[in-house]
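Chemist: I would like to see how this sequence folds:
(3 chains)
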Amino acid sequence: MRSLIDIQDLSVAELDELFATAADIAEHPARYAEAAKGKKLATLFFEPSTRTRLSFEAAMLELGGSVIGFSDADSSSAVKGESVGDTARVISAYADIMAMRHPREGAALVAATRATVPVINAGDGGHAHPTQTLTDLFTILREHKRIEGLTVGFCGDLKYGRTVHSLISALSRYAGVKVVLISPAELSLPGYIKGGVLLEAGMDFSETTDLEAAIPALDVLYMTRIQRERFPDPDEYERLKDSYVLTPEKLVAAKPTLSILHPLPRVNEISVRVDADPRAKYFSQVENGKYVRMALILSLLASAADKTPLTAPGEEMPTMACHNPVCITRCEQELLPRFRVTNRELQIIRCVFCEKRAEERR
Amino acid sequence: MRSLIDIQDLSVAELDELFATAADIAEHPARYAEAAKGKKLATLFFEPSTRTRLSFEAAMLELGGSVIGFSDADSSSAVKGESVGDTARVISAYADIMAMRHPREGAALVAATRATVPVINAGDGGHAHPTQTLTDLFTILREHKRIEGLTVGFCGDLKYGRTVHSLISALSRYAGVKVVLISPAELSLPGYIKGGVLLEAGMDFSETTDLEAAIPALDVLYMTRIQRERFPDPDEYERLKDSYVLTPEKLVAAKPTLSILHPLPRVNEISVRVDADPRAKYFSQVENGKYVRMALILSLLASAADKTPLTAPGEEMPTMACHNPVCITRCEQELLPRFRVTNRELQIIRCVFCEKRAEERR
Amino acid sequence: MRSLIDIQDLSVAELDELFATAADIAEHPARYAEAAKGKKLATLFFEPSTRTRLSFEAAMLELGGSVIGFSDADSSSAVKGESVGDTARVISAYADIMAMRHPREGAALVAATRATVPVINAGDGGHAHPTQTLTDLFTILREHKRIEGLTVGFCGDLKYGRTVHSLISALSRYAGVKVVLISPAELSLPGYIKGGVLLEAGMDFSETTDLEAAIPALDVLYMTRIQRERFPDPDEYERLKDSYVLTPEKLVAAKPTLSILHPLPRVNEISVRVDADPRAKYFSQVENGKYVRMALILSLLASAADKTPLTAPGEEMPTMACHNPVCITRCEQELLPRFRVTNRELQIIRCVFCEKRAEERR
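Modeler: Sure thing, here's the model as predicted:
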């Protein structure tokens, strides 16, 4: 049985296959209208995320399946203190596959070690949200017929933006992708992503604070939101914010084949006036997200005959501890922490659940 | 593509057709059991309204379609600040038709200008709730086989009752309808409805404070709730309230063909003892609401091949402003206010979104 | 038309039939995949209970039916003050059967007296939760092929545990069942259950505070949670709690055919290490709950052609009053209290809604 916890769970060949299925679904939806007939998806949203939840639900319904679930923790048994593992095991009796959103990092992995049906991570805190990355990659592929060799700009909050980190990481697996990082200095890409992903993969990348100047070279522009709260100095925010709002004026020198992406919801970082531009692809992206989730559901359901839960990777290391306060290991009943060495040279050991660096137990 | 934002969007001929379909559905439900097979309705309830939401959901399911959505703003992306327009556009990728309830007046119209699928207004603040009016009209028609020439009494809070105003307005399009307004003086029908609807349409109407005396002449009695909060003087409320509670005793002199309607939920303005009276039609009304929504969904889906969003009516008038604090124009990103002249003689200009009177910009 | 308000509504013969159907469904699910096609279940959860709700929803979907509803009172019309009776009547226009969870004791009975479709009590305050008891009985039957003659241990909070009281009461209808009551003195079974059920039915029972010593004799061990709040003295709780946590160590001398049950959610009263033991049946119990609800839905739908609501049992007794503060009679519009004599000898009169003892009106 397969689950999808992290985008790295899928090889490039598996991604290709998934995208081929997603493209076929987009082309011939009627052929898939009963592909999941009689199957149930459980959407377990321990925190609200309407767009992601409805995307999964629409995906399952368009496959002829049906949906059960909850949309916030208040309506769930979590208020009675049930562990994530028990919830996953119980839901396995009700559904054939589950999509879980949870504020705790590593929650989906814990669920997958207890569930007897496939688990899809629909976001576990700030850790991973692989179906968003699938959506982004599939949109780039559909618009450009390839991912290799494209120049992809990321604009906005590159420091905290989980979707940005995941997409850069995923792009590093394709040859010749150039990355342009566009952000105020305060919100630039963290060093561990630059070092651990861009440099490690030998990707060509550049950094700038000037969106307008960067645009002409781009094949893809991935916009994200800049939040006022991220700035220590509110005046600095006021001074900068307009430079990172995309307008028709800033697009004058863009390539005609540019695709503009955004994970949504947008607040005001892209002017509504851009929506009519044929290069605005953020609403197509929404539709692509549905198709890629349909492909994923089908692929995982195909593996569901085997009911064996996932074995958590890594090993127990009695001398190590995970100090991440939102890691699932901090609250899950009788869950023993597990770790793995991710860089033997630098002696980096990570918690397998939240992937944060572990520390020596004191 | 058609949407239903306001009951006035439908001509009397279109109403007739809708009611004919609704009656046929009520008669032959099995014929419609797969009429919307493979289609999805999104119920977007930014504020809770169980009865309306479940009526839409039951309607869609009885047409063989399926449903996605949310039942309050907390579980929606609105908490992340997404605009109504963006939500409508995103949901268009997930559903074939949507029903929206929103606290902001004009929200459904904004949604319809951005959605690429039909939008049904399921209540936008105090502005409009056209499917309630459809339900009321269809119930009268089913019970009396006609609307023309009936004497319709409205009892209770005629001042604030949105359903009352809409139904009077809709009835004004049928010949020979007589209206009897039954309320305490404090809650009588506002002058702009009397002048703008009853007098303008030349309807025969009378006013009284005496429910029991008014009943014998009525074909239809439309009850509404009197809320304590509406009275400046609580003693006055106490003195009056029982006069407007419908009991079997007050019905002694009523016509045998009377129909008693109520938009529900009732609190105590109709005694439970009236429920057994064959003239109590407020629970049939619930069922009729389902049939008329089924007819509406079918009718709008039939127009859905054309994906062009609605164009907002009216025009930009740089000298005018909408001062309604709950108008959608007050918060929607980059939405330019639009206005139209509704009475050239009296120089009345209204906001096209909330339909409140516009004022000169200062 | 039949409803299920209390487990005692079903005769042992009816239970047998229900369990036979449930077993057949578990064996041949495909045969039932369209058994409720075109039918709708309404899940009316005035307070959240994810597991119960999802169990009902999964059950209905596996019968080919569909589901509407709400998962907490905030999203329901209850906030507008609608009575339970009116809600039940309104929902009858939208669904073919309803499952109701409500904090008021007797709410489901009131619903059944007004609904024109079958009502299933999915928990009414601390009063009854018959589908949990059906689940428990069916699990015992599936595991042991009989209920008669088994030795059933109940461990934990026997004082407040509603599921324990109901199951003991249900077991008293089967010959030769022996009951072992395992709890701290503070949380022992109330006298009225001992007297009114165990002694009245002539059941063989014993009491102990020692879980480990009791285990070897048991065919079934029904675990429940001990809540800290139940202890007047927190030190006493700390001293005792570990004795009532089930671990592999305590199971060493248990029968190989023992079945361990738990109504879930568990917090920590059963160690996760027990889950791998083949005698741990609490997750099978979850699945059995789905099957028995499928059987129940089918059985009640079969009775639905008759639309007559239930008549409330008992009679009005103007001299009696129900003083239970959470009884539905305290808030339901125009609901007259009704009572019945449950023990003529002892002159015990009970409210028919909440089944609490009535008192003379003062």
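
Chemist: can you list the domains in chain A?
Modeler: Domain assignment for chain A by automatic domain parsing gives A:7-129+A:287-301, A:131-285, A:320-360.

Chemist: can you give me the strands for the stretch 101-250 of chain A?
Modeler: Listed in chain order, the strands of the stretch 101-250 of chain A (DSSP state E, counting those that start in this stretch) span A:119-124, A:151-155, A:178-182, A:204-208, A:220-223.

Chemist: out of these, which gets nearest to residue B:260?
Modeler: Proximity to residue B:260 (C-beta to C-beta) singles out strand A:119-124 among those, at 48.6 Å. Using the backbone N, CA and C atoms, a C-beta is placed for each residue, glycine as well.

Chemist: next one: that closest one, is it in contact with chain B?
Modeler: No - applying C-beta under 8 Å from any C-beta of the partner chain, one finds strand A:119-124 separated from chain B by no less than 13.2 Å.

Chemist: for that strand, name the packing helices and strands.
Modeler: helix A:50-62, strand A:97-102, helix A:107-114, helix A:130-144, helix A:282-301 (3 or more C-beta pairs under 8 Å, 6 or more residues apart in numbering or on different chains; DSSP states H and E).

Chemist: can you add distance to residue A:244 and give the ones you listed back as JSON lines?
Modeler: Converted to JSON lines, those look like this (distance: least, C-beta to C-beta, whole Å):
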{"stretch": "helix A:50-62", "distance to residue A:244": "22"}
{"stretch": "strand A:97-102", "distance to residue A:244": "28"}
{"stretch": "helix A:107-114", "distance to residue A:244": "32"}
{"stretch": "helix A:130-144", "distance to residue A:244": "19"}
{"stretch": "helix A:282-301", "distance to residue A:244": "16"}
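
Chemist: closest to residue A:210 out of those?
Modeler: When the helices and strands packed on strand A:119-124 are compared by C-beta to C-beta, helix A:282-301 sits nearest residue A:210, at 22.0 Å.

Chemist: which parts of the stretch 201-350 of chain A sit against chain B?
Modeler: A:264-268, A:271-273, A:275, A:283, A:286-287, A:290.

Chemist: quick one on the thing from earlier: okay, the helices and strands packed on strand A:119-124 in JSON lines with mean pLDDT next?
Modeler: Formatted as JSON lines, the helices and strands packed on strand A:119-124 follow (pLDDT from 0 to 100):
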{"stretch": "helix A:50-62", "mean pLDDT": "97"}
{"stretch": "strand A:97-102", "mean pLDDT": "97"}
{"stretch": "helix A:107-114", "mean pLDDT": "98"}
{"stretch": "helix A:130-144", "mean pLDDT": "98"}
{"stretch": "helix A:282-301", "mean pLDDT": "98"}
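
Chemist: any chance of the ones you listed in JSON lines, with mean neighbour count too?
Modeler: Output for the helices and strands packed on strand A:119-124, formatted as JSON lines (neighbours: other C-beta atoms under 10 Å in any protein chain shown):
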{"stretch": "helix A:50-62", "mean neighbour count": "26"}
{"stretch": "strand A:97-102", "mean neighbour count": "28"}
{"stretch": "helix A:107-114", "mean neighbour count": "28"}
{"stretch": "helix A:130-144", "mean neighbour count": "23"}
{"stretch": "helix A:282-301", "mean neighbour count": "24"}
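
Chemist: ok, which of these comes nearest residue B:139?
Modeler: helix A:50-62 (32.0 Å).

Chemist: check whether that closest one contacts chain B.
Modeler: Yes - Helix A:50-62 is in contact with chain B by C-beta under 8 Å from any C-beta, via A:50-51, A:54-55, A:57-58, A:61-62.

Chemist: out of those, which is nearest to residue B:193?
Modeler: So of the residues of helix A:50-62 next to chain B, ranked by how close each gets to residue B:193 (C-beta to C-beta), first place is residue A:50, at 37.3 Å.

Chemist: for residue B:219, see how far away the closest one is.
Modeler: In this view, residue A:50 and residue B:219 are 45 Å apart by C-beta to C-beta, to the nearest Å.

Chemist: likewise residue A:219?
Modeler: Taking C-beta to C-beta, one finds residue A:219 at 69 Å from residue B:219.

Chemist: residue closest to the middle of chain A?
Modeler: For chain A, the residue nearest the mean C-alpha position is residue A:129 (2.8 Å; C-alpha atoms, centre = their mean).

Chemist: residues contacting that one?
Modeler: Residues near residue A:129 by C-beta atoms under 8 Å, 6 or more residues apart in numbering or on different chains: A:52, A:121-123, A:162-163, A:166.

Chemist: now the residue lying farthest from the centre of chain A: how far from chain B?
Modeler: The outermost residue of chain A relative to its centre, with distances by C-alpha atoms, centre = their mean, is residue A:362 at 33.9 Å. Distance, residue A:362 to chain B, using C-beta to the nearest C-beta, to the nearest Å: 39 Å.

Chemist: in the sheet, who's paired with the nearest residue to that residue once chain neighbours are set aside?
Modeler: The shortest distance from residue A:362 to any residue other than its chain neighbours is 7.8 Å, reached at residue A:321 (C-beta to C-beta, 6 or more residues apart in numbering or on different chains). On the basis of DSSP bridges, residue A:321 is bridged to residue A:359.

Chemist: wait, residue A:321 sits on residue A:358?
Modeler: Yes - assessed by C-beta atoms under 8 Å, residue A:321 is found in contact with residue A:358 at 6.4 Å.

Chemist: these two touch, right, residue A:201 and residue A:174?
Modeler: No - counting by C-beta under 8 Å, residue A:201 does not reach residue A:174; the two are 9.7 Å apart.

Chemist: who's more crowded, those two?
Modeler: residue A:174 (19 against 16; other C-beta atoms under 10 Å in any protein chain shown).

Chemist: would it be right to say that residue A:94 lies in a strand?
Modeler: No - assignment of residue A:94 by DSSP: H, G, I helix; E, B strand; the rest coil gives coil, placing it outside any strand.

Chemist: phi, psi of residue A:342?
Modeler: The phi/psi pair for residue A:342 (degrees, to the nearest 10) reads phi -100, psi -20.

Chemist: wait, it sits on residue A:352?
Modeler: No - counting by C-beta under 8 Å, residue A:342 does not reach residue A:352; the two are 9.7 Å apart.

Chemist: these two - which one has more neighbours?
Modeler: Neighbours of residue A:342 and residue A:352, each counted by other C-beta under 10 Å, are more numerous for residue A:352; the result is 20 against 16.

Chemist: tell me the contacts of the residue nearest to the more buried one when sequence neighbours are not counted?
Modeler: Excluding the flanking residues, the one nearest residue A:352 by C-beta to C-beta, 6+ apart is residue A:314, at 3.8 Å. Residue A:314 is in contact with A:338-340, A:352, counting by C-beta under 8 Å, 6+ apart.
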